[in-house]
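Colleague: Can you look at this prediction? I've put the sequence above it.
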Amino acid sequence: MKFRNDFLWGGATAANQCEGGYNEGGRGLANVDLCPTGKDRSAVITGKLKMYNFDDDHFYPAKVAIDMYHNFKEDIKLFAEMGFKVYRMSIAWSRIFPMGDEETPNEKGLKFYEDIFEECHKYGIEPLVTITHFDCPMHLIEKYGGWRNRKMIGFYENLCNVIFKRYKGLVKYWLTFNEINMILHAPFMGAGICFEEGENEEKVKYQAAHHELVASAIATKIAHEVDEKNKVGCMFAAGSVYPYSCNPNDVWEATKVDRESYFFVDVQARGKYPNYALKEMERKGITPTMEERDKELLEKYPVDFIAFSYYNSRCVRTDNNDDLAEGNLFASAKNPYLEFSEWGWPIDPLGLRITLNHVYDRYQKPLFIVENGLGAKDIPDENGNINDDYRINYLREHIKAMRDAVVLDGVDLMGYTSWGPIDLVSAGSGEMEKRYGFIYVDRDNKGNGTLKRSKKKSFYWYKKVIASNGEDLN
Ligand code: P53
């Protein structure tokens with residue numbers, strides 16, 4: 001019952017959810033800075049409400065986040081104390097290219113990440129870098145319309161050229177786009193897209209998706225050219241879709257909804273548009289405009305591995321019952337066999353084994369779980385300690401399910417990075433109090449608090465898990 005010896009245990013963060021320092025070191029403004037907490041967040045992240053400047057009526061949590069910009073040494077030291085083998089993090093595009101369309105990168109931004117990577121290596125931690133985790137320089141959105149514009153491919157290519165060369169020898173694991181399928185559900189946060197009155201939103205989204213897919217293939221090409229040791233992965237928000245019943249209509253619906261996400265991986269891992277997508281796009285009149293060389297790029301440069309986030313399974317029914325599970329950006333019927341988190345997300349450890357098997361059966365490439373965890377409120381006891389047994393239980397059950405997939409089913413899995421090893425800002429809600437961490441950060445939803453870090457009970461638990469290579473889960 002063992003994981004391989006080089007199994008990569010660790011944790012995952014995203015620049016905009018932890019760095020802060022939004023206007024420091026020459027950094028330019030990005031879409032993710034402008035997603036406020038509160039009731040307008042949903043309209044902003046889905047591209048329905050334009051928020052291109054800060055205003056006084058909203059709180060913007062990414063401005064300071066947990067201020068990792070100034071604390072990364074202390075934070076990485078804590079990750080090392082837990083025994084991390086890998087640290088997944090993302091680069092803020094607008095630190096490297098503040099506008100996005102410059103020729104020359106911002107040296108301060110480049111140096112910032114170089115320092116982080118060197119700090120990781122001091123402790124034998126391998127960085128796993130997401131090139132874009134939802135962020136896009138605002139200038140590229142205002143001038144070009146974000147990923148709806150084909151020019152984005154070239155700007156992204158510049159970014160890749162610069163970072164692959166600069167970080168050669170420091171970074172060998174890369175992810176091209178975080179949760180690439182999120183473009184369908186949160187197009188402003190995911191791809192810098194705002195919609196104009198009356199336009200065909202689906203057409204815009206799939207055109208933008210096409211640009212990202214081509215950009216991802218180009219990134220893989222360059223990464224391999226710069227250093228043959230580089231391994232590039234795609235990344236999608238996973239979670240198998242269950243039919244609510246054995247009614248064939250439910251089963252067919254589940255297949256279709258699964259394909260909405262698999263579409264992206266089908267292109268990135270198999271190198272071409274799947275027939276079901278081509279047919280449907282044609283029927284709907286939303287086939288993206290493509291250039292001659294696109295097909296060849298997609299075919300020649302598929303990803304080396306497949307990474308995904310898993311928080312829960314999903315469920316669909318066709319009987320017009322609108323009893324939906326809450327909270328998540330993915331609409332889902334309420335599964336009566338599952339329990340739910342405080343934010344209404346289903347909890348389904350076996351679903352992780354199911355998902356791992358589905359994805360591995362479909363692609364036969366190494367997999368990497370790069371996000372998993374429980375968002376929960378933490379309340380310190382009278383001594384100021386956080387006994388987060390609920391989080392430990394969630395993670396224990398998911399790690400068991402992952403171990404079954406590896407040991408009993410033979411799924412080829414490179415590693416596991418839990419989401420938010422240190423508390424950070426929630427992407428869905430912008431709240432600070434939806435916490436995932438082993439490390440507590442003293443900050444609330446309004447931005448009050450000392451930002452002081454402290455260890456939760458789960459900190460010591462995860463340390464044991466890693467030290468025993470996943471054997472001791474008690
Ligand atoms: P939060 C849902 C909504 C937004 C982002 O989510 C999501 C999901 C999950 O499918 O994706 C990832 O913070 C994302 C992270 C994010 C994490 O889920 O809303 O890659 O940036 O923080 C958890 O609880």
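Modeller: All right, it came through fine.

Colleague: Flag every buried residue along the helix or strand harbouring Lys400.
Modeller: Assessed by DSSP states H and E, Lys400 sits inside helix 389-403. For helix 389-403, burial by neighbour count (16 or more other CB atoms under 10 Å) applies to 390-392, 394-403. To be clear about C-beta, it is placed using only N, CA and C from the backbone, and glycine gets the same treatment.

Colleague: got it, and stretch 447-458?
Modeller: Leu451, Arg453, Lys455, Lys456, Ser458.

Colleague: Among these, which ones are in helices?
Modeller: Ser458 (DSSP state H).

Colleague: Ser458: what's it in contact with?
Modeller: Going by CB atoms under 8 Å, 6 or more residues apart in numbering, Ser458 touches Asp388, Arg391, Ile392, Leu395, Gly437, Phe438.

Colleague: Of those residues, which is the nearest to the ligand?
Modeller: Distance to the ligand across these (CB to the nearest ligand atom) is lowest for Gly437, with 11.7 Å.

Colleague: Apart from its chain neighbours, what residue comes closest to that closest one?
Modeller: Of all residues not flanking Gly437 in the chain, Asp423 sits nearest, at 3.9 Å (CB to CB, 6 or more residues apart in numbering).

Colleague: Backbone torsions only: list them for whichever residue of the stretch 151-300 of the chain sits closest to the ligand.
Modeller: Nearest residue of the stretch 151-300 of the chain to the ligand, counting by CB to the nearest ligand atom: Ala237, 4.2 Å away. Note on Ala237: its backbone torsions stand at phi -80, psi 110 [degrees, to the nearest 10].

Colleague: same deal with the one 5 residues further on?
Modeller: With angles defined as degrees, to the nearest 10, Tyr242 sits at phi -90, psi 140.

Colleague: Surely it touches Cys315?
Modeller: Yes: the criterion here is CB atoms under 8 Å, and Tyr242 meets it with Cys315 at 4.7 Å.

Colleague: Please enumerate the shared neighbours of the two.
Modeller: Ala254, Asn335.

Colleague: Which other helices and strands does the longest helix anywhere in the chain contact?
Modeller: Using DSSP H, we find that the single longest helix of the chain is helix 201-226. In terms of contacts (3 or more CB pairs under 8 Å, 6 or more residues apart in numbering; DSSP states H and E), helix 201-226 is packed against helix 151-166, strand 173-177, helix 187-191, strand 231-237, helix 248-270, helix 292-300.

Colleague: Mean confidence (pLDDT) on that helix, please.
Modeller: For helix 201-226, mean pLDDT rounds to 98.

Colleague: what sits against Val162?
Modeller: Val162 neighbours (CB under 8 Å, 6+ apart): Ile96, Pro105, Leu110.

Colleague: what about 10 Å?
Modeller: Under the criterion of CB atoms under 10 Å, 6 or more residues apart in numbering, the contact partners of Val162 comprise Ile96, Phe97, Thr104, Pro105, Gly109, Leu110.
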